[in-house]
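Peer 1: Next come a sequence and a model predicted from it.
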Amino acid sequence: MNNDLLHSLNPAQREAVIHYQEPSLIIAGAGSGKTRVLTSRIAYMLQEGIPAHHILALTFTNKAAREMRERIDGMISPSLGRGLWMGTFHSVFARILRAESERLGFPATFTIYDASDAKNLVKLAIRELELDEETYKPNNIAARISRAKNNLVTPEAYEANASLQGEDRELRIPRFLEIYKLYCRRCRENGAMDFDDLLLMTNILFRDHPDALVKYQEQFRYILVDEYQDTNFAQYVIVRRLAERYGNVCVVGDDAQSIYSFRGAKIENILRFQQDFPKAKIFKLEQNYRSTQTIVNAANSVIEKNQRQIRKKSFSSGDEGEKIKVMKAYTDREESALIASDIYATVRGRGVPYSEIAVLYRTNAQSRALEEALRTRNMPYKIYGGFSFYQRKEIKDLLAYIRLVINPRDNEAFRRVINTPARGIGEVTVGRIAAAADSHGISLWEAVSTLDPASMGLAGAAAKKVASFASTIGEMSAARATMEAYELGLEIATRSGLIGTYKMQQTPESISALENIEELINSIRVFAEEQQKLTEETGESIQASVSIEEWMQNVALLTDMDTDKPEDQNKVTLMTVHAAKGLEFAYVYIAGLEENLFPSLMSMGSAEGLEEERRLFYVALTRAKTAAVLSFAESRFKWGEMSFSRPSRFLSEIDPRYLDIAFDLDNPAEDSDEEIEAPRNPYASEGSRTGTGSYRNSPNAYGGSYRPGTTYGNRSGGTDSGRTYTGGNGANGYRRGTGNYPGGPRSAEGAARSGYNPRGTSYDSDKPRTYYPPREAEPVKPLRPDGRFRPMGASRPSTTGTSTVSQPGSVYGSGHPAAGSSPAGAGATGASTSLSASGEYAVGMRVEHAKFGAGVITAIEEWTNDIKLTVDFGPVGTKVLLKKFARLRIL
DNA sequence: CGGACGAGGATTTTT
DNA sequence: TCCTCGTCCG
């Protein structure tokens, strides 16, 4: 048995498995058998007699956790693995927090707020403080709060930190701290934690309750962390603290695949692991078992361009494989058509199952065109991400009811459902309830269930409706004790009126909503059955039934990645590159390889941002086992307008030896199979075309900071950056797609099911979806027609990269080993530009542009890392420019 | 109070 | 283009 385990491993892998008694850093290149090593190591430990309950394995997705568990179960006798703690950071620590909630002043039934709940609460806080939502943009504020929490900066720590507050003043959001405080207070009152709290509160628990820390240190004597390169500061500190006692921590990761800095992940965590654990053994897994040599070498040739990395030589001893095909299209729709045709050819010609094919893209918005193309060809597909099951209105509504029943303090849930479906309880009434609740210091629910209606100023119809609502919720809450989870869920869906309302409507949307509700309720039953089975197997406590609370806890941390439906077996997978991390497919298509899309415009302000995009591309490419196909479109619809772009620099960065390409990347339009040089967008010829590829000749053109006034390659005018071309001739100048598409496989399983499929939608071909006809591009609308200057909120020059959020005043104060050394602002998310930097321009100012000549600024708006200027150049037209690139001269 | 309608904003990536 | 928010009227 033991032998079997180690036998199938290569020497490097074997070493990494057997040294489980020492802190270990496993650098695992893409496809190097990382999961295999991790699971083998755990299985090996179990076989060596380490009790399962002493092992904690942390992953980033539920899916990864589940897969690892399955694999471990396949390696050893299942009884050995009983009691093993394996899950995502969030789910594991949510579980611990439930057990310890009282110490932190939260109910054990605390609600977990997702990103949109959090944003709503932020918005409420801003309104309550009577702040301007233009200045204090809920999204920015929420991002800043999230950042603070990820860096363990509580409101108190924030208050004690002068530099952070100085930053706020610079960002023109001086009252940020008040919002942060109020937000946290509301969370607490509501008995709720957001995603970031799960990590922050865990840290607070360990900081303030040494006995709790010791308890878990004793429990988790062996800690394994997957995807360590994507841990953020809060996660890092948790791991460190827990590992302090026994020092048996094993982290696995690949710095080349660090792609979550926007979420606070610190690539430094992995880069400095050796300093944190000086006794650590380092194992490098460099042999790629997944991909062909061509793919591995191509990926290496790109990632080499990055400065910051742990050097390692990833190699494949597999087949050389075929070259990477690059496809060019004129529009996004044509690109999708090409991909669909190519997939069809692959499936037909090589007998590849759909399930071995994935189409990856940078942004969710790109999925539409692809879906369309696949659907019209009757090709089965599933799509992950984007609009997930749990974000649908009907689901959020029903979940809010359940939340309220479980946790009556949850005011957000209360507000959401009190008048959903409409039952004639309006804003005024809710306002009165809120006022009464406030003055009594109780929750909204307590107010309606205990206070006298008249005392709240309610009378007549309103009072009656409120009373009826209150009694409904009350009854369901009481039913919790006696009713089975599934029954209760159904009861809630019914008595809330949600089912009835949708049933009455009989529209396609309402039918789909009903199906979704049904799906959700069914998932309670499924969950209950699974749990039942689990308890029977493990022989733990025999529970009569599974409570709806347990299900709810589980559901709050689920994403649509987390379930594979059986009917999704043989389908093409559509997902973002981020979502594809850790997966592999025989054939991988990467769509939208265009400048400003991949790499994303948002990332390009800084060298770090660009390097992260490059890692992202590396991740995308290394998902492929047999072959990869890359594509780009010269124009695509963005915000309902046609915009033009040139091929991604990543295409040129691939060593051309590995490419199968039928045209010149520097001049994609001039390729030979084009009979007629179609009339194109007039600007394209000066911007996209002459400028194309010039960055290759000017080493300093990117990677550094862009400063206005600096010579910047010969991309004069920065025409490629963020400008939406006006006018043009829309689609009519373009040769439409090639036209000869295969009819598409008839049967497949496309037509089988109808409607929405939670966690991974799959639409059927007969379901109509929007079709975008080619159309004339319209002139760009000025961003601010009124020309009003918008005060800057958050948006900092990411080139500076000095965020102080992570620095001082962490919950551990300066005494904690990690606090002082916390890496400074690798994150490019959130934060901001100071007004002074942007204040040089004003509406009405006359400016000169190198290419367009003289113009007048008609609008100024902040943009994530920059300032968006709308300039009227008179005869040349109105342009939208990014300040960073525009290099305007003030006249 | 609630539905209908129109204007304006939005898009990186997610546990 | 799509979605959300605000306004207006029944």
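Peer 2: It's in. Residues are numbered from 1 along each chain as shown, chains lettered A, B, ... in the order given.
Peer 1: Now the helix or strand containing A:Ser439: buried residues?
Peer 2: For A:Ser439, the host element (DSSP states H and E) is helix A:427-440. Buried residues in helix A:427-440, counted by 16 or more other C-beta atoms under 10 Å: A:Thr429, A:Val430, A:Arg432, A:Ile433, A:Ala434, A:Ala436, A:Ala437. To be clear about C-beta, it is placed using only N, CA and C from the backbone, and glycine gets the same treatment.
Peer 1: Is it in proximity to DNA strand C?
Peer 2: No - Helix A:427-440 lies out of reach of DNA strand C by C-beta under 7 Å from any atom of the strand, never closer than 9.8 Å.
Peer 1: ok so, going back, overlap between the buried residues of helix A:427-440 and the residues near DNA strand B?
Peer 2: A:Thr429.
Peer 1: ok, back up a step: can I get the helix holding A:Ser439 as CSV, trimmed to CA atoms?
Peer 2: Only the C-alpha atoms of helix A:427-440 are listed here, as CSV (Å, rounded to 0.1, in the frame of the first residue of the first chain):
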residue,chain,number,x,y,z
GLU,A,427,-40.8,53.0,2.0
VAL,A,428,-42.7,55.2,4.4
THR,A,429,-43.8,52.2,6.4
VAL,A,430,-40.4,50.7,6.5
GLY,A,431,-39.0,54.0,7.5
ARG,A,432,-41.3,54.2,10.5
ILE,A,433,-40.4,50.7,11.5
ALA,A,434,-36.7,51.5,11.2
ALA,A,435,-37.1,54.7,13.3
ALA,A,436,-38.9,52.7,16.0
ALA,A,437,-36.4,50.0,15.9
ASP,A,438,-33.6,52.5,16.1
SER,A,439,-35.0,54.3,19.1
HIS,A,440,-35.5,51.0,21.0
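Peer 1: any idea of the mean pLDDT in it?
Peer 2: Taken as a whole, helix A:427-440 has an average pLDDT of 90.
Peer 1: Next, the contact list for the residue in chain A positioned nearest to DNA strand B, please.
Peer 2: DNA strand B sits closest to A:Gly426 of chain A, with a gap of 2.5 Å, by C-beta to the nearest atom of the strand. Contacts of A:Gly426 were listed using C-beta atoms under 8 Å, 6 or more residues apart in numbering, and they are A:Asn419, A:Ala462.
Peer 1: Quick check: it vs DNA strand C, distance?
Peer 2: 10 Å (C-beta to the nearest atom of the strand, to the nearest Å).
Peer 1: where does that residue fall, phi/psi-wise?
Peer 2: Dihedral angles of A:Gly426 (phi, psi; degrees, to the nearest 10) stand at phi -90, psi -170.
Peer 1: Quick one: residues in contact with stretch A:493-509.
Peer 2: Stretch A:493-509 has contacts (C-beta under 8 Å, 6+ apart) with A:394, A:397-398, A:401, A:417, A:420-421, A:423, A:472, A:475-476, A:510-511, A:513-514, A:517, A:521.
Peer 1: Show me where the stretch 501-650 of chain A dips below the pLDDT cut-off.
Peer 2: Along the stretch 501-650 of chain A, the parts satisfying pLDDT under 70 run over A:535-544, A:563-567.
Peer 1: Find the residue ranges of chain A scoring beneath the pLDDT cut-off.
Peer 2: Within chain A, the ranges that satisfy pLDDT under 70 run A:1-3, A:386, A:535-544, A:563-567, A:668-844, A:847-855, A:857-891.
Peer 1: Repeat the analysis, applying 50 as the threshold.
Peer 2: Filtered on pLDDT under 50, chain A yields the residue ranges A:1, A:542, A:671-839, A:862-866, A:876-877, A:884-885.
Peer 1: And the residue of it closest to DNA strand C?
Peer 2: Closest to DNA strand C within chain A is A:Gly640: 2.4 Å, counting by C-beta to the nearest atom of the strand.
Peer 1: quick one on the thing from earlier: just the buried residues of the contacts of stretch A:493-509.
Peer 2: Buried, going by 16+ other C-beta under 10 Å: A:394, A:397-398, A:401, A:417, A:420, A:423, A:472, A:476, A:511, A:513-514, A:517, A:521, out of the contacts of stretch A:493-509.
Peer 1: near DNA strand B, which residues of the stretch 1-150 of chain A?
Peer 2: Residues of the stretch 1-150 of chain A lying close to DNA strand B by C-beta under 7 Å from any atom of the strand are A:Phe60, A:Thr61, A:Asn62, A:Thr88, A:Phe89, A:His90, A:Ser91, A:Asp114, A:Ala115, A:Lys137, A:Asn139.
Peer 1: dump the residue contacts of the last one.
Peer 2: With contacts defined as C-beta under 8 Å, 6+ apart, the neighbours of A:Asn139 are A:Lys119.
Peer 1: Distance from the chain centre to the one helix or strand it maps to, please.
Peer 2: In this structure, A:Asn139 sits in helix A:138-150 according to DSSP H and E. Chain-centre distance of helix A:138-150: 15 Å, with C-alpha atoms, centre = their mean, to the nearest Å.
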